[in-house]
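> How does the following fold in three dimensions:
(2 chains)
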Amino acid sequence: MNGGRIPQEEALSEALEDALQQLEAGATPQESLSGRADLAEALLPLVEAASQARERGERAVPPGAQQRSRTRMLLHAEKLRSRRRPSRFSWPFFRRLSLQGLAVLVVLVASLTGLAAASAQTIPGDQLYGLKRTVEDVRLNLSQPQARGSLERAFRERRLDEIRRVIADGRQIAVDFEGVVNQTGGSAWQIAGFTVLLDEETSIQGEILPGMLVRVLGRTTARGEILAGSIQVIAYAFTGPVDSRTGEVWVISGVPVLVTVNTQVAPGVAVGVQVVVLAQVSEAGTISARAILLADVLEGGGPQQEGAPGTGEQPDATTSGTPTATPTATQTRTATPTRTRTPSPFPPTPDDDDKTEKPESTESEEPETPEATGSEEPETPEPTKTDKPDDD
Amino acid sequence: MNSPTVSQLHLERLLQFAADLRSQAGSAARAEQTQAADPGNDRRDLDGLRRLDPEAITRIHNRYFSMVYRYARFRLSDDGLAEDVAAEAFTRLLENTHAGKGPRDSVRGWLMRTVSNLVNDFYRLHYARPTEFLSDQLPAQNPGPSALAESSEEKNALYRALDKLTADQQHVLALRFGSGFSLAETAEALGKKANAIKALQFRAIAALRREMGAAGD
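Predicted coordinates for the structure are as follows:
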């Protein structure tokens, strides 16, 4: 087989391609060469090797792989969509790096050198802090959809812990965190338990009310406060009846809400029905709904929460400015348990391409989601169990 | 504020809920739109991808996942690893397209190049470091090279032979036998003439055969 002169190789590669096509059509290696008796001796070993390689390639895609990958892609789109433009207080370098998808490699290298473990205890301003954030991003990217929510919660809580430590250390440094607004008004707000100062340079997008989940980019001050560079609404929820719906604009509890093809609308939602809206506020101030769910379904999920004292829910008294966006909406709890529990609030979605993995997810997971997460959330939404790799 | 507020819990639950709903809806109802690769569809969907439209994302993903996964699986010895690499290729497609980069014309060609680079990167890293440094610090869900080394498949003669080929040779074999590309499709993906592919695959298969023979002896 090492007698391959150039013209000979050309003839062989030509004949080999013919044989491959025959293999594809179902021929055995011998049969595939029947037309080229002259070259059969030289080519048969190759065709046999090719036949083995073909078999290797015919392995089926494992069930669930496609759905997991697609979910990852969709979640990534969600992340890109909600990504804010960089500001003077951002972490530009490490953010971009992780998002480039060098992800897996970075973690491998970090693990090899022990840096990942060493970075786990760092706080903003430490040298390895960027690596810690990168490792987190990677873990989020690699996590299964079911685990993602709790990881995100854990990481969000971790940000807050870091800032507490930064403040305790008296460091003055850029911070970036997400938290729920406890109190607005004046130039000192309460967000996630921190005192957040606003000055004339603070940029605020959308109208911010207590109860909203916001992202704060800012800087710690010498006195343990946080001077905000910007405050952006990430999302908030409110409850109320659907007043009307005209095309893409629905009025829910008196608030005009944009409902697009991307909005998840639970079956059963209609005018007059009490719903929970998970809303997003665009930079222009438009409120668009990410999901509209039946209020009583959610209520069924976590009764203990509805009864808990509402630390963050002092109503209108604390709101600042003119509450054009959501007058009473943010504060109203899911108030009308007309139905205690619907057995299957979301009918199995028609599904054709993932027969193997869908049944269990539509039937069992979905209706239980609020319960499952609800039951472990009440006091500490920090599932440290999922955090071991970095925390040790 | 150490304990989360009620509204925070409420939000967390809703966010999770919406994410679940979204992933369900992604797979729902749109399966029938899994069309074959077609530049017209691609162009339309690339536009959707740029806008992060979930429907376009779903269509592109459904259209190409199988060929990308099979490519990765052909060259890597582990299901989980192949899945990660394939998913990463799609995430990059999204990133790049959204950033105004990414494929101009052929989504398929772009994806195949990307997945091939990811596999090459993986091997570069795999061989750059001795395996004993790879410890259990690796995230559990990421089957690293040490897991790979123990995989029974690595004892397989075909796999070991494949491992010895050049990246180009592996690439052409993975396209043809993994992704199931025809000669013409392979030529298009590589931007070469059909004759060049014939020669390349001939040498690749000859090398494969040689390595398998060498291992058997």
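
> From here on, just use CA atoms for contacts and neighbour counts.
OK.

> For chain B, give me its nearest residue in the stretch 1-150 of chain A.
Closest residue of the stretch 1-150 of chain A to chain B, CA to the nearest CA: residue A:57 (4.2 Å).

> Please pull out the lowest mean pLDDT helix or strand from the chain.
Defaulting to chain A. Sorting the helices and strands of chain A by mean pLDDT, DSSP states H and E puts helix A:303-307 at the bottom, at a mean of 33.

> You answered for a different chain; I wanted chain B.
Ranking chain B's helices and strands by mean pLDDT, DSSP H and E puts helix B:145-150 last, a mean of 47.

> where along the chain do the helices fall?
No chain in the question, so chain A it is. For chain A, the helices defined by DSSP state H occupy A:6-24, A:29-32, A:37-57, A:65-82, A:92-97, A:103-113, A:115-119, A:129-142, A:145-169, A:295-301, A:303-307, A:358-360, A:366-376, A:388-391.

> not what I meant, chain B
B:6-27, B:39-50, B:54-75, B:79-98, B:107-128, B:145-150, B:157-164, B:167-173, B:183-190, B:194-216.

> among those helices, which is nearest residue A:184?
Of all those, it is helix B:6-27 that lies closest to residue A:184, at 15.2 Å by CA to CA.

> quick one: stretch B:52-68 near chain A?
Yes - using CA under 8 Å from any CA of the partner chain, stretch B:52-68 comes into contact with chain A via B:52, B:54, B:57-58, B:61-62, B:65-66.

> Poorly predicted segments of chain B, please.
Scanning chain B for pLDDT under 70 picks out B:1-39, B:127-155, B:215-217.

> now with 80?
B:1-41, B:54-55, B:105, B:125-156, B:214-217 (pLDDT under 80).

> With the stretch 1-150 of chain A instead?
Looking at the stretch 1-150 of chain A by pLDDT under 80, you get A:1-7, A:64, A:67-68, A:71, A:75, A:78-79, A:81-150.

> try 70 this time
Ranges of the stretch 1-150 of chain A meeting pLDDT under 70: A:1-7, A:83-118, A:127, A:143-146, A:148-149.

> returning to what we had before: out of the residues of stretch B:52-68 next to chain A, the closest to residue A:22 would be?
residue B:66 (23.4 Å).

> Would you pull up the residue in the stretch 101-250 of chain A closest to chain B?
For the stretch 101-250 of chain A, CA to the nearest CA, closest residue to chain B: residue A:193, 4.3 Å.

> can you count the residues close to that residue?
19 (other CA atoms under 10 Å in any protein chain shown).

> What of the one 5 residues further on?
Residue A:198: 21 surrounding residues under other CA under 10 Å.

> got a list of what it touches?
A:187-189, A:227-229 (CA atoms under 8 Å, 6 or more residues apart in numbering or on different chains).

> Would you check how far apart the closest residue to residue A:248 other than its chain neighbours and residue A:273 are?
Nearest non-adjacent residue to residue A:248, counting by CA to CA, 6 or more residues apart in numbering or on different chains: residue A:259, 4.9 Å away. Distance check for residue A:259 against residue A:273: by CA to CA, to the nearest Å, it reads 16 Å.

> okay, those two: which has more neighbours?
The residue with more neighbours, out of residue A:259 and residue A:273, is residue A:259; 23 against 16, by other CA under 10 Å.

> neighbours around the residue lying closest to residue B:183 once chain neighbours are set aside, how many?
Distances taken as CA to CA, 6+ apart put residue B:194 closest to residue B:183, at 6.5 Å, once the chain neighbours are dropped. For residue B:194, the neighbour count with other CA under 10 Å is 16.
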